[in-house]
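> Compute the structure for the input listed below.
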Amino acid sequence: MKTAPIGKLFCFGFGYCAQEMARRLNPRGVRIAGTCRNPSGWTRLSLRGIEMHLFDGMRPLEDFGAALGDADAILVSIPPGPEGDPVLAFHDLDLRRCRNLRWVGYLSTTGVYGDRAGGWVDETADLQPAGERGARRAQAEAGWLALWREAGLPVHVFRLAGIYGPGQNQLVSILSGRAQRVVKPGQVFSRIHVSDIAAVLEASMARPNPGAIYNVCDDEPAPPQDVIAHAARLLGREPPPEIPFEQAELSPMGRSFYAENKRVSNRRIKDELGVRLLYPTYREGLAALLAYERESAR
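Residues are numbered from 1 along each chain as shown. Modelled structure (predicted):
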C-alpha cells in the first residue's frame, strides 16, 4: 500500500546520490535539508535552496532537534570511518527518540557480500566482507538495523553496486585519458545508474517496509573491460589496450575491487517495490549519458 508523499527529506551527507534525490524531489514540493563537512559546501548548496547544516563527523549536529524536528524521512550516505558510523556515534539516542519519521534509508554497498567467485548473491546471503571497508559497512548496517529492532525506527538498507551517472562514468574516463582496460579472466562487476538509485529510494518511500534490505544494481553484471570498450565505441574511438590485471597500475583501493567477484541479484527491488529500471544494462546507461552530454553542449 502506498503512503502519503514525503514532506521533508533530511540527508546525512549531500553527495552524488543525495543531490540526485534533491534534483528529483525538490521540484515536487519536498523540502530538502542535509549536512556538509565545511562552510564552503554550506554556501554553495544553500544557494540552491537546500537547508544546510554542518556535520563533519567529528562532533554532533549543533541542534539535532531543530535540524530534524520536522523531517519525516532521512537518507544516510556518509560512509563509516575507523571509529564506525559517525551519525550513530553522535546521534544514536537522538534517533531513538524520533517519533515523526516515516522512512529512513541507509546507503550501504554490495561489498558486504565479499568475494563469491563469480556466483550469484541476493539479500538472504550471509555477509562475508573481504576488506576493512566492507567490514565497516556491515557493522554500520547492523547498527542502523538495531535502531529498527530496538526502537522501531523505520530503517531500510540499500546495498549499492558501482555507481555511475552524469560526470562519473566510463565516457568521462576515456575522454580524460584515464581509462584502463584491465582484464582479469572471469571478473565481473555489478553497477547502477544514479537515476535508478533514486527511483528505488522513491519507490521504497512510497511503500515503506522497515527492516527491509535491497540490492540496488542493474540486470547485467559485466566484465569491466567490456564496459570500457563499449564506451569507446560510442565515442568513435579505439578502446584502450587490454592490460593483464597483474600488470595494471592500480591504486590500493582500485586493486581491492578486483579481489571481489560476484553477480548481484536485483529481483527484490522489482518484485517488492515494482521498480522498472530506466537503464537495465550499462549499454542503455552510457548511450543516454552520451546523448545528454551532446545535448548539453549545444
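> Buried residues, the longest helix anywhere in the chain. List them.
What stands out as the longest helix in the chain, according to DSSP state H, is helix 132-151. Using 16 or more other Cβ atoms under 10 Å as the test for burial, helix 132-151 gives 133-141, 143-145, 147-148. Where C-beta positions appear, they are placed from N, C-alpha and C, glycine not excepted.
> Stretch 82-92 too?
Within stretch 82-92, the residues that count as buried by 16+ other Cβ under 10 Å are 85-88, 90-91.
> okay if I get those as CSV plus distance to Pro27 and pLDDT?
Listed next are the buried residues of stretch 82-92 as CSV, based on distance: Cβ to Cβ, whole Å; pLDDT from 0 to 100:
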residue, distance to Pro27, pLDDT
Asp85, 31, 97
Pro86, 30, 97
Val87, 27, 98
Leu88, 32, 98
Phe90, 32, 97
His91, 29, 97
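> All the helices of this protein, residue numbers only.
For the chain, the helices defined by DSSP H cover 16-25, 39-46, 64-68, 86-96, 132-151, 170-175, 194-206, 224-234, 252-257, 267-271, 282-296.
> Under the pLDDT cut-off, which ranges of the stretch 1-150 of the chain? List them.
Scanning the stretch 1-150 of the chain for pLDDT under 70 picks out 1-2, 4, 41-47.
> and if we set it to 80?
In the predicted model of the stretch 1-150 of the chain, residues 1-4, 39-49 satisfy pLDDT under 80.
> if we can go back for a sec, Ile243: which of the buried residues of stretch 82-92 is nearest?
Asp85 (36.5 Å; Cβ to Cβ).
> List the contacts of the closest one.
Counting by Cβ atoms under 8 Å, 6 or more residues apart in numbering, Asp85 makes contact with 78, 139-140, 143-144.
> Most widely separated two among the residues you listed?
Most distant of the contacts of Asp85, by Cβ to Cβ, are Ile78 and Gln139, 14.0 Å apart.
> Closest to Val264 out of the buried residues of helix 132-151?
Gly134 (13.5 Å).
> What distance do you get for the closest one to Glu141?
Counting by Cβ to Cβ, to the nearest Å, the gap from Gly134 to Glu141 is 11 Å.
> so which of the buried residues of helix 132-151 comes closest to Glu123?
Distance to Glu123 across those (Cβ to Cβ) is lowest for Glu141, with 11.4 Å.
> doesn't Leu54 make contact with Asn38?
Yes - Asn38 lies in contact with Leu54 (Cβ atoms under 8 Å); the separation is 7.5 Å.
> Please enumerate residues in contact with stretch 49-58?
Around stretch 49-58, the neighbours that count as contacts under Cβ under 8 Å, 6+ apart are 12, 14, 22, 26, 31-39, 41-42, 45-46, 61-62, 67, 78, 81, 86.
> Quick check on Ala161: phi, psi?
In terms of degrees, to the nearest 10, the main-chain angles of Ala161 are phi -80, psi -170.
> still on that earlier bit, show me which of Asn38 and Leu54 is the more surrounded one.
More crowded of Asn38 and Leu54, by other Cβ atoms under 10 Å: Leu54, with 14 against 9.
> beta partners of the more buried one?
For Leu54, the beta-bridge partners are Cys36 (DSSP bridges).
> try Gly84
Using DSSP bridges, the bridge partners assigned to Gly84 are Gly81.
> quick one: contacts for Ala212?
The contact partners of Ala212, taken as Cβ under 8 Å, 6+ apart, are 156-157, 204, 272.
> can you put these in a markdown table and add neighbour count and distance to Ser176?
Output for the contacts of Ala212, formatted as a markdown table (neighbours: other Cβ atoms under 10 Å; distance: Cβ to Cβ, whole Å):
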| residue | neighbour count | distance to Ser176 |
| --- | --- | --- |
| His156 | 23 | 36 |
| Val157 | 24 | 34 |
| Ser204 | 22 | 34 |
| Glu272 | 14 | 39 |
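> What is the nearest of the residues you listed to Leu290?
Nearest to Leu290 among the contacts of Ala212 is Ser204, at 29.6 Å by Cβ to Cβ.
> Quick one, which of the helices of the chain gets closest to Thr3.
Proximity to Thr3 (Cβ to Cβ) singles out helix 194-206 among those, at 6.4 Å.
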